[in-house]
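Engineer: Whatever this is, show me its structure:
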Amino acid sequence: MWKRLSMLWVLVKGDARRLWFALRHPDAPTWLKAGTALVLLYLVSPIDLIPEALPLIGVVDDLVLVPAAIRWMLGRLPAHVRDAADAKVESHARRAA
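Structural biologist: Here you go, the predicted model:
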């Protein structure tokens, strides 16, 4: 489970930060909060679309579906929330450099 989460984090780190800042925005839509909760529930759920009994294929659904769901939600944000989240990500990146 932790290996799966660490691999997933590498893939979605930038989008996850953007999502985090969008969730904290005062105008964040309710559907974004619900959608994020469902994605997290799917990640920790023992039930997968493709069973992990198949060595590599069982992880692929998480590596494809979770980033796709995050991208989909970020793409549907109101413009001002998305712009504010992007600005926060960029300011944190500059501070870290």
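
Engineer: what about stretch 2-22, average pLDDT?
Structural biologist: Averaged across stretch 2-22, pLDDT comes to 80.

Engineer: how about the strands of this structure, start to end?
Structural biologist: Taking DSSP state E to define them, one finds no strands in the chain.

Engineer: so where's it shaky on pLDDT?
Structural biologist: 1, 4-5, 7-8, 10-11, 46-59, 97 (pLDDT under 70).

Engineer: Which helix runs longest in it?
Structural biologist: helix 2-24 (DSSP state H).

Engineer: Output the contacting helices and strands for it.
Structural biologist: helix 30-44, helix 57-75, helix 79-96 (3 or more Cβ pairs under 8 Å, 6 or more residues apart in numbering; DSSP states H and E). Backbone N, C-alpha and C define where each C-beta goes, glycine included.

Engineer: buried residues in that helix?
Structural biologist: 4, 8, 12, 15-19, 21-22 (16 or more other Cβ atoms under 10 Å).

Engineer: Kindly report the same for stretch 26-34.
Structural biologist: Result for stretch 26-34 [16+ other Cβ under 10 Å]: buried residues 28-29, 32.

Engineer: With distance to Ala68 added, can I get these in JSON lines?
Structural biologist: Formatted as JSON lines, those follow (distance: Cβ to Cβ, whole Å):
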{"residue": "Ala28", "distance to Ala68": "20"}
{"residue": "Pro29", "distance to Ala68": "19"}
{"residue": "Leu32", "distance to Ala68": "16"}
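
Engineer: Pick the one among those closest to Ala69.
Structural biologist: Lowest distance from Ala69 to those (Cβ to Cβ) belongs to Leu32, with 11.4 Å.

Engineer: Compute the distance between the closest one and Asp15, please.
Structural biologist: Distance, Leu32 to Asp15, by Cβ to Cβ, to the nearest Å: 13 Å.

Engineer: just His92 next, same as before
Structural biologist: In terms of Cβ to Cβ, His92 sits 14 Å off from Asp15.

Engineer: Then Pro29?
Structural biologist: To Asp15, Pro29 is 17 Å away according to Cβ to Cβ.
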